[in-house]
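Visitor: Could you work out the structure for the sequence below:
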Amino acid sequence: MIIAAVIFGITYLAIAMSRIPSAIIAILGATAMVTALAILSDFTPHEALQYVDLEVIFLLAGMMVLADVMSRTGAFEWAARQGARLVKGNGFFLIILLSLITAVGSALLDNVTTVVIMVPITLSLCKSLDLNPIPFLLAEVYASNIGGTATIVGDPPNIIVASQANISFSEFFINMAPVSALSLCALFILLYLWFKNSVTVNPLKREQLMSEHPTNLIKDSNLLKKSLFVFTLTIIGFFFADQIGISPAFVAIGGAALVLLFSGLNPGEVLKEVEWTTLCFFAGLFMLVGGLEHVGIIDRISEWIVSLASNSDGTITRESERNLSIIMVWLSGGLSAFIDNIPFATTMTPVVSDLLSTNEAMNSGNSTNPLWWALTLGADLGGNFTIVGASANVVVFTMARASGYPISFFQFFKYGAVISVVSLAISCGYILLRYY
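Guide: Take a look at the predicted model:
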């Protein structure tokens, strides 16, 4: 157990402080974890690979293909100019507009898909206005995690929790959307305090922007029509995936295959643009966390969380449940900063389910227990703490670096920690006022 914790800690510090690409560090860390545990226990490479969430990997890969094909049409550049013209080239209003679009998109689709689409738009827009894109990218990734909190499809942990707790789409939205909206308002205030003086557009660039004709930016209208058609089918597929009985990853891969078929593009050329380093980073991260789970570290943490509010006999009353809900928000948020919220949610949902099934005082009729909402809010909003806290963070981090705008671990944490603490505090107040 100690060896696994040491390997994880060293790997995490290397990701935070090293200039070596994060994907290489994650894969090396995963290799060290698997090798050490294979020698010291019965952990095998085959078992390690089972911890890799292929749902996330294939969903990302499929949407990256769709986004790349659409980017070849000039649609992103067109959308960027239209957005800038809408706010008359005002830098602060532009960062708010892009953040709002990202948040809404994350609620309707999912936050990973949304940032895959938004990053190219943002980079193109900032290039035309001679702006540093990093404040915009940071704002968007924070908004994506906040907006994704509102719906079941918005963030992978939501799907995990809703499936375990049997929560419907409408019930989830009714309970989570208010926190998402309040946290988004808080983010806008913080963005004003952080970036109001660093996103000023040069007057000459603004005049040039307003005089442009964005329609000239569309390079291939025929390809645009085909890719938009497939993209629309893919979005519809996401909404009806549960009813049809297929996974979102299958929908994304199907959409990627269709767009390659209809576009006539060379599949090899398109697949070269897939962010393979991001996918490798996720694979390594999943195996690292799998090693922690195998030796029982995550289970120990989960049991400790429960023990904080339980009685001496291990039971929890309705009164102490309130305290546990608040503890769950903060600890889930804190742990999700260091352990990707997908495997964390996967580990914690059975713990909460067992806790509720063995404590009758915590079962409040037909309504969903507040512990589920506390776990969801902590896992989702705590993901804004660090780059490795959520899938969307890693995607933006990797795409930004590939485009020549690296975001450091501490730069992300500097702002992410603040919005995380604020949004988690909002979550606690909401839970206390609404459920207790």
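Visitor: Any stretches of the stretch 301-436 of the chain with poor pLDDT?
Guide: 302, 305-306, 309-318, 358-367 (pLDDT under 70).
Visitor: And the residue nearest to the spatial centre of the chain, which helix or strand is it part of?
Guide: Ranked by distance to the mean C-alpha position of the chain (Cα atoms, centre = their mean), the top residue is Ala392 at 3.5 Å. Assigned by DSSP states H and E, Ala392 belongs to helix 391-402.
Visitor: Mind exporting the C-alpha coordinates of stretch 251-265 to PDB?
Guide: C-alpha atoms of stretch 251-265 as PDB (Å, rounded to 0.1, in the frame of the first residue of the first chain):
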ATOM      1  CA  VAL A 251     -22.400   7.400 -30.700                       C
ATOM      2  CA  ALA A 252     -19.200   9.400 -30.900                       C
ATOM      3  CA  ILE A 253     -17.200   6.700 -32.700                       C
ATOM      4  CA  GLY A 254     -20.100   6.200 -35.100                       C
ATOM      5  CA  GLY A 255     -20.300   9.900 -35.800                       C
ATOM      6  CA  ALA A 256     -16.500   9.900 -36.500                       C
ATOM      7  CA  ALA A 257     -16.900   7.000 -38.900                       C
ATOM      8  CA  LEU A 258     -19.800   8.700 -40.700                       C
ATOM      9  CA  VAL A 259     -18.000  12.000 -41.100                       C
ATOM     10  CA  LEU A 260     -14.900  10.300 -42.500                       C
ATOM     11  CA  LEU A 261     -17.100   8.400 -44.900                       C
ATOM     12  CA  PHE A 262     -19.100  11.400 -46.100                       C
ATOM     13  CA  SER A 263     -16.200  13.900 -46.200                       C
ATOM     14  CA  GLY A 264     -14.000  12.000 -48.600                       C
ATOM     15  CA  LEU A 265     -11.000  13.000 -46.600                       C
END
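Visitor: got the buried residues for that stretch?
Guide: Of the residues in stretch 251-265, 251-256, 258-260, 263, 265 count as buried by neighbour count, 16 or more other Cβ atoms under 10 Å. All C-beta spots, glycine's among them, are computed from the backbone N, C-alpha and C.
Visitor: Please flag which of those residues sit within helices.
Guide: In helices, defined here by DSSP state H, the members of the buried residues of stretch 251-265 are 251-256, 258-260, 263.
Visitor: would you list these in JSON lines and tack on pLDDT and distance to Leu94?
Guide: What follows is these, written out as JSON lines (pLDDT from 0 to 100; distance: Cβ to Cβ, whole Å):
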{"residue": "Val251", "pLDDT": "88", "distance to Leu94": "32"}
{"residue": "Ala252", "pLDDT": "87", "distance to Leu94": "29"}
{"residue": "Ile253", "pLDDT": "93", "distance to Leu94": "34"}
{"residue": "Gly254", "pLDDT": "94", "distance to Leu94": "35"}
{"residue": "Gly255", "pLDDT": "93", "distance to Leu94": "29"}
{"residue": "Ala256", "pLDDT": "93", "distance to Leu94": "31"}
{"residue": "Leu258", "pLDDT": "94", "distance to Leu94": "33"}
{"residue": "Val259", "pLDDT": "92", "distance to Leu94": "29"}
{"residue": "Leu260", "pLDDT": "93", "distance to Leu94": "33"}
{"residue": "Ser263", "pLDDT": "88", "distance to Leu94": "31"}
